[in-house]
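Novice: kindly return the folded structure for what I paste below:
(one chain, ligands or ions: 3)
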Amino acid sequence: MGRGLFAKTNFKAGDIVLVEKPSLIGPHFANQFIFCSYCLAVAWTGIPCETCHDNIFCSLKCKKMAWQEYHHIDCSITPYLILCDPIIPVLIHTNLKFIISLKKDYKTIDELRSKLKISKNDQVEIVNDRSEPKIDLFNKLMGLCCDVPVQQNLLLIVFTVKALICMAKYTSFFSEKDMQYNDFIKNEDFLFIGSFLLRLVKIGSVNYHTISDTFEGNSFKHHDPSDERFRGICMGLISTMTNHSCTPSIRRCFTDEMKYVFYAMEPIASGTQLLDSYNKYFFESPLIHRRKKNSNFVCHCMACKKDWPLFILPELNDVFLDDLMKPKKYSKELFSIMEITPLKEKIFNDIYSIDKKLIQTVTGMMNEIVDVLPQPSIARCMLFQMLIKIFDKFYGFIPPFENLCSSKKNFHRTGVL
Ligand SMILES: [Zn+2]
Ligand SMILES: [Zn+2]
Ligand SMILES: [Zn+2]
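Specialist: Residues are numbered from 1 along each chain as shown. Ligands and ions are numbered 1, 2, ... in the order given. I've put the predicted structure just below:
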């Protein structure tokens, strides 16, 4: 992949490795009536946009900020895009926000174009390299990977063109009014913004992270989309540099302020690459499913190379314990499982509250076990789950309600988010 994040110091299990405020953030539109479309907080008494009804806000302040920054343009097109395909606004909206706010700063597309140059093969270059926050962000964004498979690329082009046509027909974004279909190809502003948007959409499809509420009860079983309630998508310039492993060393969650928090799952030695999992871990999902999910790249982690066995925890314990009793070589594994199981059950039945003592106990167990039990180890995977349960709660936001009231739509069609 040619990029990656590396530890500059040693970390113990549970240590915070990175905290980052996303550079781009936006709603997911699977649950646009539950979360504020500006700040992604729960909109307990949501205030809808009077015009589009597809964006609600947690406060008048968020509503006003959204309108000033971008919603005066996207308000007219989001309903059409949702009607076309609900995945389109998920892929387009956050990128469009960025372009709308850039154009707002430079007043006209001409002025914006004078700062940025886009060549025929979608490559955007900075002409004027003055240091300005948004131009700096733009510069960094353009350096991110945007390689998408051919089929997905075609879909992204179609979605981008649909959004552009809606912008030209239903908003005041382009100065030329009443553009007809034949005019689009000749209009420099249309081609410039289209090229810019497509590039961002491609970058986004590779680099965005999904922010979702995962329900604890089912979070460790096979993937069930109903376990997750999508809140939004975001991209952090540092966070996006993390590479994937099905047996990762770090895990990401989001705070109430929607900041990334990455914490260590196991001890990490200085100089080691920090690896996050983009999808399910090796013990939760069979290799064939993981490969399908990771269709954009080939995973070279040890779990994939050696096809480590699937441990569906906690159902596995009863099945495996008898087997583990027999061969002596498994005695360490068995001893660890027996030691861990009572604590795990208490944690998962919410008998323990998360306090310093519990954190020290579980992280201490993890820090010791890695030297004794190499992966694939059931005991290590059990500790992995316990750490996730504790630290997601400790560092991340807590889902505000358990009942699912979101609409179930097919948001996995493109397989990009
Ligand atoms: Zn808000
Ligand atoms: Zn609106
Ligand atoms: Zn893998």
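
Novice: now do the contacts for the residue in the stretch 151-300 of the chain that ligand 2 sits nearest to.
Specialist: Taking C-beta to the ion as the measure, the stretch 151-300 of the chain has residue 171 as its residue closest to ligand 2, at 11.6 Å. From N, CA and C alone the C-beta is placed, and that goes for glycine too. Residues in contact with residue 171 (C-beta atoms under 8 Å, 6 or more residues apart in numbering) are 73, 74, 76, 77.

Novice: burial measure for residue 253, as a count.
Specialist: 19 (other C-beta atoms under 10 Å).

Novice: is it correct that it falls within a helix?
Specialist: No. According to DSSP: H, G, I helix; E, B strand; the rest coil, residue 253 belongs to no helix; its state is strand.

Novice: mind listing what the nearest residue to it once chain neighbours are set aside touches?
Specialist: With C-beta to C-beta, 6 or more residues apart in numbering as the criterion, residue 253 has its nearest non-adjacent residue at 3.2 Å, and that residue is residue 396. When the contact criterion is C-beta under 8 Å, 6+ apart, the partners of residue 396 are 253, 254, 255, 261.

Novice: what does stretch 236-244 contact?
Specialist: Contacts for stretch 236-244 (C-beta under 8 Å, 6+ apart): 1, 3-5, 18, 20-23, 137, 140-141, 144, 207, 209, 250, 252, 260, 262, 273-279, 294, 297, 299, 301.

Novice: neighbours around residue 344, how many?
Specialist: The burial count for residue 344: 20, using other C-beta under 10 Å.

Novice: quick one: it from ligand 2, how far?
Specialist: 47 Å (C-beta to the ion, to the nearest Å).

Novice: residues from this structure in reach of ligand 1?
Specialist: 36, 38, 39, 41, 58, 62 (C-beta under 5 Å from the ion).

Novice: counting neighbours, which of these comes out on top?
Specialist: Ranking the residues of the chain next to ligand 1 using other C-beta under 10 Å puts residue 38 first, with 26 neighbours.

Novice: so what does the helix or strand harbouring residue 155 touch, helix or strand wise?
Specialist: Residue 155 is part of helix 150-170, with elements assigned from DSSP states H and E. When contacts are defined as 3 or more C-beta pairs under 8 Å, 6 or more residues apart in numbering; DSSP states H and E, helix 150-170 sits against helix 78-84, helix 87-106, helix 181-184, helix 188-207.

Novice: which other helices and strands contact the third one?
Specialist: For helix 181-184, the helices and strands in contact under the criterion 3+ C-beta pairs under 8 Å, 6+ apart are helix 150-170.

Novice: again, but for the last one
Specialist: Under the contact criterion of 3+ C-beta pairs under 8 Å, 6+ apart, the helices and strands touching helix 188-207 comprise helix 87-106, helix 109-115, strand 116-118, strand 124-126, helix 133-142, helix 150-170, strand 228-235.

Novice: cutoff 6 Å now
Specialist: When contacts are defined as 3 or more C-beta pairs under 6 Å, 6 or more residues apart in numbering; DSSP states H and E, helix 188-207 sits against helix 87-106, helix 150-170.

Novice: mind listing what's buried along it?
Specialist: Residues of helix 188-207 classed as buried under the neighbour-count rule (16 or more other C-beta atoms under 10 Å) are 189-190, 192-207.

Novice: list the contacts of the residue of the stretch 151-300 of the chain found nearest ligand 1.
Specialist: Among the residues of the stretch 151-300 of the chain, residue 258 lies closest to ligand 1, at 10.3 Å counting by C-beta to the ion. Listed by C-beta atoms under 6 Å, 6 or more residues apart in numbering, the contact set of residue 258 reads residue 40.

Novice: now do residue 370
Specialist: 266, 267.

Novice: for the remainder of this discussion, apply numbering that starts at 52.
Specialist: All set: I'll call the first residue 52, so the last point we hit is now residue 421.

Novice: tell me the helix or strand right after the helix or strand where it lies.
Specialist: Under the criterion of DSSP H and E, residue 421 resides in helix 407-423. Note on helix 407-423: by DSSP H and E, the next helix or strand toward the C-terminus is helix 429-446.

Novice: contacts for that next one next, please.
Specialist: 65, 271, 304, 312, 314, 316, 334, 362, 384, 387-388, 391, 395, 398, 405, 413, 416-417, 420, 424.
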